[in-house]
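K.L.:
What follows is a predicted protein model with its sequence.
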Amino acid sequence: MRLLIALALLLATASGALADRVALVMGNGNYLHAKPLKNAVNDATDVATRLREMGFTVFEGIDLPQRDALLLVQQVGQRLQYDDTVLFYFAGHATQLGSQNYIMPVDASPGSENELVLSSISLQSILATLESRAQTRLVILDACRNNPFVASADGSRSADDAARGLFRMDAGVGSFIAYSTEPGNVASDGAGRNSPFTEALLRHIDRPGENIHAVMRRVRADVMEASNNRQIPWENSALIDEVYLAGLPRNADAATGTNTALARPAVTHNPRPALMTETCLTGQIEGVPTSLCASSVLASQGSNSYGPENLIDDSPATAWVEGVSGTGEGQTLAWEFGADTDINTLYLINGYAKSERTFTRNARVASLRVTGSTGAQATLSLRDTMDWQRFDLPGMAAQRWLQLEILSTYPGTHYEDTAISALGYQ
């Protein structure tokens, strides 16, 4: 998490760094227990090459067995940062088993559905890995070819089993999923070097100034024309930002770069309602001034002080304690940033967590209102415990400041003053 270390030191983690664009490209054609696919390897190889030309960091896996494919997914997951855009492309055999979709590694074994699950890879699990690591995920599946693997109870394979395509997966917020054909249908492997879907994708994916939805509309039109409307590419999207894979529109702000994946609309920032009595710390994030401010601070007592520096000293035995009469409702903590900053997650330790006795003697926060400079707001309900608490903050992108206001408290047994022991964001 990101924490101010001291008055003029850096934050621990830098989301201010430029977001990267990462691609995981997998293609399986030379199956051990099925007839080889003519074009799947070509499709994946050509897509990987094109993405590298477009500036992506590409992890490429061709004809991988199950174990190696899972290791590659894990490697990509470890490489990702939250601000990154990640694209997953797969060409090869895939199928719907129950309500899940599975891609077939080259060592997948024919058999019953239960047996096949054990030798395949869940698409939903891959998407879950990417969702946990990157805020923008693009999934492109040229994978709805006929399935030669599923056998019935008597060992035979029905025409329905061979023909069924993929089950439609829900796209979580920040995800885009494109299929080479509509859910439940199958796609052509193609007669040339590439499948009809990947051939069209390669034709349009590097069009500057067109977002991913516009690119897929062009791909869909080309595939429908080539297949006489028998194959219709499909997509499911829950993207928040416009995603441009090959550069921003011509009227975009040149300062954001000429080949970035995310183009943000213009943002209006409101002035922060600062109080005259604030106590502020000033630090930097990669050269950008950043302040952490508390609306009030309890006066020092003996060797103990209760300023905002205690929120970021990585010690639950110290705490910020607000310093006005009453229970602290209406008191605030705020970050001010020198540039637009994405706030994805808030972390904190509630109360004065020095010991159980100290924790219960002071008041703790029951609820917080979080407000960003764009006007975005969220209300958080806090647990009355001394452990770390995490709160995801969708909609808090591109903020110039973020303010936390105490709305309600858990009463202390001896003191009304409300405390927080640690605070950070990512």
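P.N.:
Looks like it arrived, so ask away.
K.L.:
need the contact list for the residue nearest the centre of the chain.
P.N.:
Centroid check for the chain by CA atoms, centre = their mean gives Q135 as the closest residue, at 2.3 Å. Q135 is in contact with 82-84, 174, 342, 344, counting by CB atoms under 8 Å, 6 or more residues apart in numbering. In short, each C-beta sits where N, CA and C put it, glycine included.
K.L.:
rerun at 10 Å
P.N.:
Neighbouring residues of Q135 by CB atoms under 10 Å, 6 or more residues apart in numbering: 19, 80-86, 173-175, 240-241, 262, 342, 344, 394, 397.
K.L.:
Narrow those to just the buried residues.
P.N.:
Buried by 16 or more other CB atoms under 10 Å: 19, 80-86, 174-175, 241, 262, 342, 344, 397, out of the contacts of Q135.
K.L.:
pLDDT (mean, whole number) over stretch 42-50?
P.N.:
Regarding stretch 42-50, the rounded mean pLDDT is 94.
K.L.:
hey, C-alpha coordinates of that stretch in PDB?
P.N.:
C-alpha atoms of stretch 42-50 as PDB (Å, rounded to 0.1, in the frame of the first residue of the first chain):
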ATOM      1  CA  ASN A  42       0.000 -19.000 -36.700                       C
ATOM      2  CA  ASP A  43      -2.800 -17.000 -35.200                       C
ATOM      3  CA  ALA A  44      -1.100 -16.600 -31.800                       C
ATOM      4  CA  THR A  45       2.400 -16.000 -33.300                       C
ATOM      5  CA  ASP A  46       1.100 -13.300 -35.600                       C
ATOM      6  CA  VAL A  47      -0.900 -11.600 -32.800                       C
ATOM      7  CA  ALA A  48       2.100 -11.700 -30.500                       C
ATOM      8  CA  THR A  49       4.200 -10.100 -33.100                       C
ATOM      9  CA  ARG A  50       1.700  -7.300 -33.900                       C
END
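K.L.:
who's in contact with that stretch?
P.N.:
23-29, 37, 39, 56, 58-63, 87, 89-92, 140, 142-143, 180, 189-190, 192-195, 197-199, 201-202, 205-206, 245-246.
K.L.:
mind giving me the domain split of the chain?
P.N.:
21-260, 279-425 (automatic domain parsing).
K.L.:
The ones you listed: which one's closest to P273?
P.N.:
Closest to P273 of the domains of the chain is domain 279-425 (CB to CB; 7.6 Å).
K.L.:
Can you give me the first-to-last residue distance of that closest one?
P.N.:
Domain 279-425 has an end-to-end distance of 20 Å (CA to CA, to the nearest Å).
K.L.:
residue ranges with poor pLDDT in the stretch 251-400 of the chain?
P.N.:
Counting by pLDDT under 70, the ranges of the stretch 251-400 of the chain that qualify are 251-267, 274-276, 285-288.
K.L.:
Now do the strands in it.
P.N.:
262-263, 279-285, 288-294, 320-321, 332-341, 345-350, 364-372, 377-381, 388-392, 399-410 (DSSP state E, counting those that start in this stretch).
K.L.:
most neighbours per residue, which of those strands?
P.N.:
Most buried of the strands of the stretch 251-400 of the chain, by mean neighbour count (mean count of other CB atoms under 10 Å): strand 320-321, with a mean of 28.
K.L.:
In the sheet, which strands lie alongside it, parallel or antiparallel?
P.N.:
Partner strands and pairing direction for strand 320-321 (DSSP bridges) are strand 419-425 (antiparallel).
K.L.:
Surely L402 touches E336?
P.N.:
Yes: the criterion here is CB atoms under 10 Å, and L402 meets it with E336 at 8.5 Å.
K.L.:
what is in contact with those two at once?
P.N.:
Common contact partners of L402 and E336 (CB under 10 Å, 6+ apart): 272, 373.
K.L.:
For the residue lying farthest from the centre of the chain, what are phi and psi?
P.N.:
Centroid-distance maximum for the chain: G302 at 45.9 Å, with CA atoms, centre = their mean. Per-residue torsions, G302: phi 60, psi -130 (degrees, to the nearest 10).
K.L.:
Sticking with Q124, tell me its helix or strand.
P.N.:
According to DSSP states H and E, Q124 maps onto helix 123-131.
K.L.:
Leaving out sequence neighbours, find the closest residue to A69.
P.N.:
Leaving aside its chain neighbours, A69 sits nearest to P105 (5.1 Å; criterion: CB to CB, 6 or more residues apart in numbering).
K.L.:
Ok, P273 next?
P.N.:
Leaving aside its sequence neighbours, P273 sits nearest to Q403 (CB to CB, 6+ apart; 7.6 Å).
K.L.:
got the contact list for that neighbour?
P.N.:
272-274, 293, 295, 332-336, 368-373, 377.
K.L.:
Kindly recompute the last result at 7 Å.
P.N.:
272, 332, 334, 371 (CB atoms under 7 Å, 6 or more residues apart in numbering).
K.L.:
Tell me how far it lies from T136.
P.N.:
27 Å (CB to CB, to the nearest Å).
K.L.:
go on, G172?
P.N.:
11 Å.
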